[in-house]
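1. Okay, here's the prediction I keep looking at, along with the sequence it came from:
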Amino acid sequence: MKLLSFTQSTRTQLRRSYGQIKRNYDRSRCRGQRPLSSGMSTTPTSTSTTTERPEVHIIGLGNVTKLIAHSLMTSSPNPPNVTVVFRDMDRFQSFAKAGHKITLSRKNDVDSTTEELVAEGFKGASPDKLKANHIRVQTLIVGTKAYDALSAVRDIVFRLDAESEVIFVQNGMGRLIPFVESSGACLTWLPGIYEEVRKHLFYGGKAEHRTPKFYQMIVSHGLYATPTNPFGSVHAGRGKVYLGPVLEDGQPEDTVRTKRLLKLFLPAKSVLNLEVVSRDQLLLRQLDKLVANAIINPLTAIFAVKNGEILHPEKIPEMEKDMSMLYEEISAILSFHIGLNMPPKSNDMTDAAYTQQLSRYSVKNLKKIVNRVAEMTAENTSSMLADVQAGRKTEIDYINGYLVQLGKKYTLPTATNERIVRRVKSKFSPPETEDTPIIPRDPRYQVAMVLKELRKKEKEKKGPKK
Ligand SMILES: CC(C)(CO)[C@@H](O)C(=O)[O-]
């Protein structure tokens, strides 16, 4: 009813703003439509007006997504349009100051800087900018911390549809939320981050038919942030990227979509060392990554050491003790898990290969997995240690916390992982609070922002109260 207090011109303006937002929103949701460039993005015109290039949006610009964006933009003469969506306006502005560019440094090589990327910022953006922020998203790469992934996708969900692809690149498996328990054993195979997103944003209700296709990337390249440039990363160790579909049991893979993604990443395939894998292979790779993260991250964070120290645990007896207890417990949990969930032995599989598959998470094999990653990233500060040092929330719930819940599900001992979770949390994490969404969620929210802006202008026009 407050609307009634607006002048006629404001009401007209408001109607126009809403009409424009709604029209753009509807149009941009048409299949295959290129985002509309209304001249309101912060993009240099050179990158925003190209018509034929595929569009990639990145939310959460960390070291991994910097590597991905850089590889996509520098590996082809006709690269995709890469847009970075910022939820933090300070970062959005400092990206503009940095020229909308990402720099990658490699040992024995000159630093390589991308052309300008497109940038979108939400919080505090002017109504004009907001109009540019609701264009359809074709391929979304979610590079936020695990605990932020749900709110990040939520904030952009109205720009996604059934023809979009969402690629998660987080560490960790997610939390085994009650939804998993009630939907059957098979779902424990799925990454929890995906489950959270699916459950909260698409499962049931009106959004079901708009569910995009989900993919996961497991990235093992050694990367760390350039100390002097927030939009630079050091590519310290060449690892691998596995890309695969996240599918529920019985859900067929959409091979056309996978091929489309492969085509998008093809020019960057060799620099990323990218391999496209099946759903089952992806799940195994995810567990391998989980193992590396469950040993390296908390121990480096607790004992404040670089990743390479994991190779010499004898130097810190307390760490050595924790490490060997973690290995035992994780091996028991994952061996049980894999025994229950592995597909039955196929006809073309030898007994030896099948036994090898079942013993994938023996303590001996776990050590191999962890040491390989520690060697490759020896000079790195793990992401958990970096979080702790910066006073940020860690991803411990999604890594060792996940293992605790998995162990509990199978009534296996989880005391060591529980202790490690407590230790990381109590020693370093700031008190945990609910994540507050900061981004407009749908056009109505944008209208609310426009409304606020117009009210402000109206007030200014009227001048101070006498
Ligand atoms: C593999 C890893 C531990 C390397 O530093 C990385 O995933 C991290 O830091 O979280």
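-> Done, it's in.
2. near the ligand, which residues of the stretch 201-350 of the chain?
-> Residues of the stretch 201-350 of the chain lying close to the ligand by CB under 6 Å from any ligand atom are 292-293, 296-297, 307. C-beta: built from backbone N, CA, C; applies to glycine.
3. Between those residues, identify the one with the most neighbours.
-> Counting neighbours by other CB atoms under 10 Å, the top entry in those is residue 297, with 28 neighbours.
4. circling back to that earlier point, from the residues of the stretch 201-350 of the chain next to the ligand, which two are the most distant?
-> The most widely separated members of those, counting by CB to CB, are 293 and 307 (11.0 Å).
5. hang on, the earlier thing: residue 111: which of the residues of the stretch 201-350 of the chain next to the ligand is nearest?
-> residue 307 (23.0 Å).
6. Identify the residues contacting the closest one.
-> 296, 300, 373-374, 377-382 (CB atoms under 8 Å, 6 or more residues apart in numbering).
7. tell me the domain ranges of this protein?
-> Listed by automatic domain parsing, the domain ranges of the chain are 55-277, 283-443.
8. Rounded mean pLDDT for the last one, please.
-> Average pLDDT, domain 283-443: 86.
9. Equivalent analysis for stretch 67-82, please.
-> On average, the pLDDT along stretch 67-82 is 94.
10. That one: which residues count as buried?
-> Within stretch 67-82, the residues scored as buried using 16 or more other CB atoms under 10 Å are 67-75, 79-82.
11. Stretch 354-367 too?
-> Buried residues in stretch 354-367, counted by 16+ other CB under 10 Å: 360-361, 365-367.
12. And the pLDDT for the one residue in the stretch 101-250 of the chain that gets nearest to the ligand?
-> Distances between the stretch 101-250 of the chain and the ligand by CB to the nearest ligand atom are smallest at residue 171, namely 4.9 Å. What the model reports for residue 171 is a pLDDT of 79.
13. go on, the one 5 residues further on?
-> Taken from the predicted model, the pLDDT recorded for residue 176 is 46.
14. so what's residue 379 up against?
-> Taking CB under 8 Å, 6+ apart, we find residue 379 in contact with 222, 224, 236-237, 306-308.
15. which one of those is nearest residue 61?
-> Set against residue 61, the nearest of the contacts of residue 379 by CB to CB is residue 224 (14.5 Å).
16. Can you verify the closest one is assigned to a strand?
-> Yes. Counting by DSSP: H, G, I helix; E, B strand; the rest coil, residue 224 is located in a strand.
17. right, and it touches residue 236 too?
-> Yes. Proximity of residue 224 to residue 236 meets the contact threshold set by CB atoms under 8 Å, at 6.3 Å.
18. hmm, which of the contacts of residue 307 are the buried ones?
-> Buried residues within the contacts of residue 307, counting neighbours by 16+ other CB under 10 Å: 296, 300, 373-374, 377-378, 380-382.
19. out of the residues you listed, what pair is the most spread apart?
-> Farthest pair in these, by CB to CB: 373 and 381, 14.0 Å.
20. quick one: the strands in the stretch 151-300 of the chain?
-> Listed in chain order, the strands of the stretch 151-300 of the chain (DSSP state E, counting those that start in this stretch) span 165-168, 213-219, 222-225, 232-237, 241-245, 274-276.
21. Could you save the ones you listed as JSON lines and add columns showing mean neighbour count and mean pLDDT?
-> Output for the strands of the stretch 151-300 of the chain, formatted as JSON lines (neighbours: other CB atoms under 10 Å; pLDDT from 0 to 100):
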{"stretch": "strand 165-168", "mean neighbour count": "24", "mean pLDDT": "95"}
{"stretch": "strand 213-219", "mean neighbour count": "24", "mean pLDDT": "93"}
{"stretch": "strand 222-225", "mean neighbour count": "20", "mean pLDDT": "88"}
{"stretch": "strand 232-237", "mean neighbour count": "21", "mean pLDDT": "91"}
{"stretch": "strand 241-245", "mean neighbour count": "23", "mean pLDDT": "95"}
{"stretch": "strand 274-276", "mean neighbour count": "17", "mean pLDDT": "96"}
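22. could you dump those strands to TSV with distance to residue 96?
-> What follows is the strands of the stretch 151-300 of the chain, written out as TSV (distance: least, CB to CB, whole Å):
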stretch	distance to residue 96
strand 165-168	25
strand 213-219	27
strand 222-225	19
strand 232-237	16
strand 241-245	29
strand 274-276	30
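23. Noted, bye for now.
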